[in-house]
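K.L.:
Give me coordinates for this.
(one chain, ligands or ions: 1)
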Amino acid sequence: MGGIVHGSSIPNKKNALLTNDVETTSIWYNSLRDETGKKVLEEGMPALLDIYAKYNVRSTFFFTAYIAKLYPEIVKMIIKDGHEVASHGKSHLKENGFDIMPLTKQKDHLEYSKKLLEDISGQEVVSFRAPALRVNNDTVRALIETGFKFDSSVASQRFDFFMSFGGIKKLKWLYSPRLPYRVAENNIFMKGQSSLIEIPLTALVTPYVGTTMRLMPKYTALQRWILHQESKLTGKPMVFDIHPNELIDESGDARNIERRSSNPIQYLLQDIVRSKLKVKNLGKRAIPLYEDMILFYAEREYEFRTIRDYGESLKV
Ligand SMILES: [Zn+2]
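P.N.:
Numbers count the residues shown, from 1 in each chain. Got it, this is the predicted structure:
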């Protein structure tokens, strides 16, 4: 079924777009660490690639330029299985958020990461996901002017923005379209006529991501079933987001929770609660949970595709 939405057409076939954000973020330490990047390279990435090879999955990997420069092999290792190399900005430093950088700086970061990833991989890089999903009205122009065609930074109808960085700006998630759309020239959260296509991350009130899967596996199974009904009705692709750093274990060492917020309530919600929650089912325990999820889609004959491959098949 499905497909005609405001004059655009979404393919009928069920599509599962598994996406991976590759960075040096340590969930255990709640900070950026080169050592974590090494574990991502040596443990997290091989675990993910094994699962994908087993189910014949093609997926998209969004790399920060930082980790690609530090460990170029992390980019090269995905090529032979037909995965897509994509940009996750320059780094996950708070000051590199696309919602706070001026247009020229956004362009610098996009150009830099695109060139670096293309040089390492030999693949053209056309897809982007902003670090921490932080974007602003200049981001559309910055992406178009640096040669990007697809963005996946919008999490339509996801309600957890008050717990995350750049929270209040993400209120726009409440009204952004659920189906892929051509974005407005001055607003990534709205439909329009620019050359950029948004392929929103799937959400159903709560995010449909590795973190939720690890924290609440039973709830995620229910969410998955409801989203599957929606896909059958509207042709909406399933866009899941996982991080190879969720598949590594750093729990051998003691940790301090880094204070990132100055506001005491934000500190409690964002730093303490989030950090305590986010470590559940980290490491090898996350692998069977993810494999179950992929099996759900494989059994229902979803096609596993990259953002680029899916995006190029759209007529929106
Ligand atoms: Zn990220």
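K.L.:
so who does the closest residue to Leu133 other than its chain neighbours touch?
P.N.:
Of all residues not flanking Leu133 in the chain, Ser153 sits nearest, at 4.9 Å (Cβ to Cβ, 6 or more residues apart in numbering). (Glycine included, C-beta is placed from N, CA and C.) Neighbour list for Ser153: Phe98, Phe128, Arg129, Ala130, Leu133, Arg134, Val135, Thr139, Ile188, Glu198, Leu201 [criterion: Cβ atoms under 8 Å, 6 or more residues apart in numbering].
K.L.:
Ser153 belongs to a strand, doesn't it?
P.N.:
No - Ser153: not assigned to a strand; according to DSSP: H, G, I helix; E, B strand; the rest coil it is coil.
K.L.:
What distance do you get for it to the ion?
P.N.:
10 Å (Cβ to the ion, to the nearest Å).
K.L.:
per-residue pLDDT, that residue?
P.N.:
On pLDDT, Ser153 comes in at 95.
K.L.:
okay, now the residue of the stretch 201-316 of the chain at minimum distance from the ion: neighbour count?
P.N.:
Per Cβ to the ion, the residue of the stretch 201-316 of the chain with the smallest distance to the ion is His243, at 6.7 Å. Neighbours of His243 under the rule other Cβ atoms under 10 Å: 22.
K.L.:
Surely it and Glu23 touch.
P.N.:
Yes - taking contacts as Cβ atoms under 8 Å, His243 lies within contact range of Glu23: 7.1 Å.
K.L.:
Not counting sequence-adjacent ones, nearest residue to the residue of the stretch 201-316 of the chain closest to the ion?
P.N.:
Nearest non-adjacent residue to His243 (Cβ to Cβ, 6+ apart): Asp21, at 5.0 Å.
K.L.:
what residues are up against the one you found?
P.N.:
Phe62, His88, Arg129, Asp241, Ile242, His243.
K.L.:
Name the SS class of whatever residue of the stretch 1-150 of the chain ends up closest to the ion, please.
P.N.:
The minimum distance from the stretch 1-150 of the chain to the ion, using Cβ to the ion, falls at Asp21 (4.0 Å). Recorded secondary structure, Asp21: strand (three-state DSSP).
K.L.:
is it in a bridge, and if so with what?
P.N.:
Phe62 (DSSP bridges).
K.L.:
Just the pLDDT for it.
P.N.:
Reported pLDDT for Asp21: 97.
K.L.:
I'd like the distance between it and Arg300.
P.N.:
Remark: distance between Asp21 and Arg300 (Cβ to Cβ, to the nearest Å) = 25 Å.
K.L.:
For the helix or strand encompassing Leu110, buried residues please.
P.N.:
Assigned by DSSP states H and E, Leu110 falls within helix 103-121. Applying a neighbour-count criterion of 16 or more other Cβ atoms under 10 Å, one finds 105-107, 109-114, 116-118, 120-121 buried in helix 103-121.
K.L.:
now stretch 30-42
P.N.:
Quick answer for stretch 30-42 (16+ other Cβ under 10 Å): Asn30, Ser31, Leu32, Thr36, Gly37, Lys38, Lys39, Val40, Leu41.
K.L.:
Let's have those residues in a markdown table, adding distance to Arg178.
P.N.:
A markdown table is the format used below for these (distance: Cβ to Cβ, whole Å):
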| residue | distance to Arg178 |
| --- | --- |
| Asn30 | 31 |
| Ser31 | 34 |
| Leu32 | 32 |
| Thr36 | 33 |
| Gly37 | 34 |
| Lys38 | 38 |
| Lys39 | 35 |
| Val40 | 31 |
| Leu41 | 35 |
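K.L.:
quick one: low-confidence parts of the stretch 101-250 of the chain?
P.N.:
Within the stretch 101-250 of the chain, the stretches with pLDDT under 70 are 157, 159-174.
K.L.:
just so I have it, where are all the helices in it?
P.N.:
103-121, 139-145, 210-215, 217-234 (DSSP state H, counting those that start in this stretch).
K.L.:
elements contacting the last one?
P.N.:
For helix 217-234, the contact count by 3 or more Cβ pairs under 8 Å, 6 or more residues apart in numbering; DSSP states H and E identifies strand 203-204, helix 210-215, strand 238-242, helix 286-299 as packing neighbours.
K.L.:
now do the third one
P.N.:
With contacts taken as 3+ Cβ pairs under 8 Å, 6+ apart, helix 210-215 sits against helix 217-234, strand 238-242, helix 274-278, helix 286-299.
K.L.:
got it, and the second one?
P.N.:
Applying 3+ Cβ pairs under 8 Å, 6+ apart, one finds that helix 139-145 makes contact with helix 103-121, strand 187-191.
K.L.:
will you turn the ones you listed into TSV that also has distance to the ion?
P.N.:
Formatted as TSV, those follow (distance: least, Cβ to the ion, whole Å):
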stretch	distance to the ion
helix 103-121	13
strand 187-191	17
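K.L.:
mind putting those in JSON lines, distance to Val316 included?
P.N.:
Putting these into JSON lines (distance: least, Cβ to Cβ, whole Å) gives the following:
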{"stretch": "helix 103-121", "distance to Val316": "22"}
{"stretch": "strand 187-191", "distance to Val316": "9"}
